[in-house]
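Undergrad: quick one, fold the following:
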Amino acid sequence: MGATLLADQGRAGRGATFRVWAPRAEAVYLNGMFDGIAVVGQTDELLMAKDANGYWAGYWASAREGDWYRFYVVGEGSSGYKRDPYARELWNNPLLPFPVCPAVIRSPREYPWHDAGFRAPEYSDMAIYQLHIGTYAPACPGWAGTFLDVMEKVEYLVELGINVVQPLPVYEMEDSPSLGYPGLGYQGSDLYSPAFDYAVYHADDLARYLAAINRLLAAKGFGPMTLADVTPGYAQMKAMVDVLHVYGIAVAFDVVYNHAGGWEQTYKVPETVAPGGVLHGDDESLYFWDRAVAAGPGGGWDNDRSLYFTSQGFVGGLSFALWNADVRGFLLNNARFHVEELHADGFRYDEISMLLAMNTASGWEFCEQLTGAVRAINPRALQNAEYWPTEYGVPQPRVVVREGEGGLHFDAVQHDGLREAIRTAIGQAAEGAGACVGMTGIAMGLWPAGFRRAWQTIPCVENHDIVKAGEKPRVPSLADGANARSWYARSRTRVAMALLLTAPGIPQLFMGQEFLEDKQWCPDPRHSGHLIWWGGLEAGEDGKTLDPAMGDHLRFTQDAVRLRRRLPGLRGEGLNVFYSSDRDRVVAFHRWVEGVGEDVVVVATLSETTWWGYRVGFPSAGRWTEVFNSDVYDNWVNPLVAGNAGGVEADGPGMHGLASSASIVIPANGVVVFVKNSG
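TA: Coordinates of the predicted model:
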């Protein structure tokens with residue numbers, strides 16, 4: 001589909017084939033700029049041939065890599081240009097602003113990959129870092145961050161310890177031009193084309209990024225790349241994935257198959273048609289691609305005439321018509337594109353619950369085909385569904401049944417049980433020493449009911465939806481609404497992070513969470529008040545970070561992530577929440593590897609005072625080493641740390657259903673972790 005160079009089809013010579021789906025179109029013409037010569041018009045020479053299934057195909061002998069093209073579609077209701085739905089890149093020409101964006105011919109073979117030796121981590125070993133490309137690390141204030149800005153943070157991410165990066169959707173969005181910034185990404189209109197805002201176009205800027213890429217590659221024993229290798233935005237997206245892979249970090253793409261953005265702006269809102277009848281909107285988009293109806297409100301609306309979509313709407317767009325095998329094929333090809341061309345290691349599928357609600361039986365069939373197709377290409381790819389049962393009525397555990405009947409065969413689901421329990425407890429603790437704090441809720445949320453494997457849920461305490469501007473506060477602000485840098489804020493935030501990283505599931509962090517970012521975030525990089533503050537981590541004259549609390553919390557997060565990766569018990573299938581007390585604000589649980597051991601005991605409290613001599617159960621008698629104490633990280637190294645002098649002796653009688661017990665110190669608003677006979 002789309003434009004395919006003959007060289008990519010295993011043939012010698014120049015030229016490209018072009019193939020599009022327009023079953024009700026009366027004619028489709030190929031226009032473009034091929035080898036420097038403009039080819040424009042609706043002549044017999046440019047008319048593509050239609051097959052019995054509604055697919056139009058053509059060939060142009062002088063087409064080459066980097067040329068641009070468009071399709072002129074003559075339909076029953078209207079005529080005009082349409083973009084290639086399969087375009088790997090759109091032409092960012094300031095003289096032809098969006099939506100007048102011809103497609104660019106891009107070969108999937110042009111980029112020189114370096115990641116042949118990379119292997120994504122096992123699901124149980126994953127730790128996910130969610131970020132928004134445009135606001136993660138912009139090189140210039142007020143300008144959107146790019147794929148190459150993320151690539152420059154690879155050493156930071158390695159030091160953090162995470163091993164999966166999950167960017168919010170990265171494709172061209174209908175709302176970007178009107179907003180003036182990339183947006184969240186969930187209103188994608190061109191599902192194969194990277195967003196303009198996320199690419200670098202100026203040669204001098206590209207040269208600087210190229211130097212950084214080559215430094216990173218050289219450190220791993222690879223030769224340099226050329227400027228031509230990273231000039232296209234399509235290649236820059238690959239470079240981000242490539243360098244992350246070279247440094248041991250997988251990439252899971254966030255994709256939206258429940259709807260596409262922009263229909264309301266172009267076809268539904270009367271204001272998009274000027275008094276003279278000229279359409280103000282994106283008439284070249286995926287909507288009404290074969291032009292079976294007239295553009296704009298004057299053309300009417302007919303569910304059966306929209307080609308790719310139904311009349312069911314969701315957040316400003318329309319649901320894909322998944323009952324149609326050709327529409328399903330478009331989306332299945334998109335998933336294959338990510339795995340095969342972009343070397344994706346997994347997916348976060350946006351709002352699968354809404355996809356099902358708007359498509360009923362055909363949605364279920366599509367999900368089975370989707371997960372099966374991805375698993376056939378890469379059985380290790382993580383397939384993570386955002387699925388909320390209240391929106392469709394099917395229990396979440398059914399979604400992750402991978403074999404047999406009755407499941408959608410996803411690997412994992414986003415789960416909010418632990419998130420809500422932790423955030424609720426943190427908010428209650430912020431009400432003061434006399435407040436009731438629901439530690440029992442945390443105990444119940446550690447392993448959601450019905451899931452067979454620990455890694456089948458992906459918990460978090462912050463994500464892009466929860467802490468977006470106008471929504472809920474970041475954890476430090478939730479922990480102390482008056483002062484997000486107070487001891488209360490710092491210590492309670494450490495408890496939230498430690499619980500997340502010692503709990504079952506695949507933990508997911510949100511950008512900035514690792515260093516105590518307290519501001520809600522906004523996808524607009526021009527809103528400096530909502531950008532994550534990297535400046536606080538810069539070194540001052542005394543060698544400490546400008547914001548010492550940020551530096552301390554980053555060190556804490558790094559060590560907590562490493563602890564999870566170092567202790568197999570924290571990634572194992574075993575969980576026994578053997579004690580919780582709302583009165584004392586304490587929860588304690590045992591983690592282990594089934595059939596092996598690797599026992600770990602985690603004890604946490606949101607008490608404002610330290611518990612001295614607090615007796616809890618232990619799985620067995622003997623020496624248990626304290627391998628982690630969150631109190632150490634307050635004013636690093638905390639001179640007043642409350643701890644267990646390196647370990648405790650479990651020599652007491654059985655307690656809390658366990659074989660033995662020990663008297664321990666639990667630091668105020670703290671977490672301590674013990675392992676048996678650790679060196």
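
Undergrad: quick one, strands of the stretch 151-300 of the chain?
TA: 164-167, 171-173, 188-194, 250-255, 260-261 (DSSP state E, counting those that start in this stretch).

Undergrad: indicate which one of those is closest to residue 591.
TA: strand 164-167 (20.8 Å; CB to CB). For the C-beta atoms, the positions are set from N, CA and C on the backbone; glycine is no exception.

Undergrad: given that closest one, what are its sheet partners and their directions?
TA: strand 128-131 (parallel), strand 250-255 (parallel) (DSSP bridges).

Undergrad: of all those, which lies closest to residue 232?
TA: strand 250-255 (18.2 Å).

Undergrad: export the strands of the stretch 151-300 of the chain to CSV and tack on mean pLDDT and distance to residue 591?
TA: Compiled in CSV, the strands of the stretch 151-300 of the chain are given as follows (pLDDT from 0 to 100; distance: least, CB to CB, whole Å):
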stretch, mean pLDDT, distance to residue 591
strand 164-167, 98, 21
strand 171-173, 83, 39
strand 188-194, 90, 39
strand 250-255, 98, 24
strand 260-261, 80, 42
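
Undergrad: out of the ones you listed, which comes closest to residue 87?
TA: Per CB to CB, nearest to residue 87 of those: strand 188-194, 5.1 Å.

Undergrad: run the angle between that closest one and strand 250-255 for me.
TA: Per axes from the mean of the first three to the mean of the last three CA atoms, to 10 degrees, the angle that strand 188-194 makes with strand 250-255 is 150 degrees.

Undergrad: can you list the strands that strand 188-194 pairs with?
TA: strand 171-173 (antiparallel).

Undergrad: could you list the residues in contact with the partner strand?
TA: The contact list for strand 171-173 (CB atoms under 8 Å, 6 or more residues apart in numbering) reads 90, 98, 101, 182-183, 185, 187-196, 261.

Undergrad: could you do stretch 427-440 as well?
TA: 421, 424-425, 478-481, 488, 492, 580-582, 585-587, 606, 608-609, 669.

Undergrad: among those, the buried ones, what's the PyMOL command?
TA: Typed into PyMOL, the line below selects the buried ones among the contacts of stretch 427-440, using 16 or more other CB atoms under 10 Å:
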select buried, resi 421+424+425+478+479+480+488+492+580+581+582+585+586+587+606+608+669
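
Undergrad: on that earlier part again, out of the strands paired with strand 164-167, nearest to residue 221?
TA: Of the strands paired with strand 164-167, nearest to residue 221 by CB to CB is strand 250-255, at 20.3 Å.

Undergrad: all helices for the stretch 201-350 of the chain, in order.
TA: Using DSSP state H, counting those that start in this stretch, the helices of the stretch 201-350 of the chain run over 203-219, 233-246, 263, 325-340.

Undergrad: mind putting those helices into TSV with mean pLDDT?
TA: Formatted as TSV, the helices of the stretch 201-350 of the chain follow (pLDDT from 0 to 100):
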stretch	mean pLDDT
helix 203-219	96
helix 233-246	96
helix 263	52
helix 325-340	96
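
Undergrad: so for residue 317, which of the ones you listed sits nearest?
TA: Of all the helices of the stretch 201-350 of the chain, helix 263 comes closest under CB to CB, at 5.4 Å.

Undergrad: please pull out the lowest mean pLDDT helix or strand from the protein.
TA: One helix or strand of the chain scores below all others by mean pLDDT, DSSP states H and E: helix 263, with a mean of 52.

Undergrad: format the strands of the stretch 151-300 of the chain as JSON lines; extra columns: distance to residue 236 and mean neighbour count.
TA: Compiled in JSON lines, these are given as follows (distance: least, CB to CB, whole Å; neighbours: other CB atoms under 10 Å):
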{"stretch": "strand 164-167", "distance to residue 236": "13", "mean neighbour count": "25"}
{"stretch": "strand 171-173", "distance to residue 236": "14", "mean neighbour count": "27"}
{"stretch": "strand 188-194", "distance to residue 236": "7", "mean neighbour count": "26"}
{"stretch": "strand 250-255", "distance to residue 236": "14", "mean neighbour count": "23"}
{"stretch": "strand 260-261", "distance to residue 236": "23", "mean neighbour count": "28"}
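
Undergrad: I'd like those as a markdown table, with distance to residue 152 appended.
TA: Below are the strands of the stretch 151-300 of the chain laid out as a markdown table (distance: least, CB to CB, whole Å):
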| stretch | distance to residue 152 |
| --- | --- |
| strand 164-167 | 13 |
| strand 171-173 | 22 |
| strand 188-194 | 17 |
| strand 250-255 | 15 |
| strand 260-261 | 29 |
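
Undergrad: residue 372: neighbour count?
TA: Counted with other CB atoms under 10 Å, the neighbours of residue 372 add up to 11.

Undergrad: tell me which of the helices of the stretch 201-350 of the chain lies nearest to residue 133.
TA: helix 233-246 (8.6 Å).

Undergrad: what angle sits between that closest one and helix 203-219?
TA: Using the same axes, to 10 degrees: helix 233-246 against helix 203-219 is 20 degrees.

Undergrad: chain center to helix 233-246, what's the gap?
TA: 16 Å (CA atoms, centre = their mean, to the nearest Å).

Undergrad: could I get the full set of strands for the stretch 301-450 of the chain?
TA: Taking DSSP E, counting those that start in this stretch as the test, the strands found in the stretch 301-450 of the chain are 309-314, 317-320, 346-349, 382-385, 412-414.

Undergrad: point out the most buried one among those.
TA: strand 382-385 (a mean of 27; mean count of other CB atoms under 10 Å).

Undergrad: can you list contacts of that one?
TA: Counting by CB under 8 Å, 6+ apart, 120, 123, 126, 164, 250, 252, 345-349, 352, 367, 371, 374-375, 399-400, 408-414, 458, 506 sit against strand 382-385.

Undergrad: and residue 380, how many neighbours?
TA: Count around residue 380 with other CB under 10 Å applied: 14.

Undergrad: from residue 374, how far out is it?
TA: Here the criterion is CB to CB, to the nearest Å. By it, residue 380 lies 10 Å from residue 374.

Undergrad: next: residue 635.
TA: Counting by CB to CB - residue 635 and residue 374 are separated by 47 Å.

Undergrad: so these two - more neighbours on which side?
TA: Between residue 635 and residue 374, counted using other CB under 10 Å, the more crowded position is residue 374 (25 against 14).

Undergrad: quick check, pLDDT for that one.
TA: If you check residue 374, the pLDDT there is 97.

Undergrad: that one: what's it in contact with?
TA: Listed by CB under 8 Å, 6+ apart, the contact partners of residue 374 are 335-336, 339, 347, 381, 383.

Undergrad: now with 7 Å?
TA: 335, 339, 381, 383 (CB atoms under 7 Å, 6 or more residues apart in numbering).

Undergrad: repeat for residue 646
TA: 625-626.

Undergrad: what angle separates the longest helix seen in the chain from helix 325-340?
TA: The residue-count maximum for a helix in the chain (DSSP state H) belongs to helix 352-377. Angle between the axes of helix 352-377 and helix 325-340 is 60 degrees (criterion: the same axes, to 10 degrees).

Undergrad: helix 352-377: how far from the chain's middle?
TA: Using CA atoms, centre = their mean, the offset of helix 352-377 from its chain centre is 19 Å.
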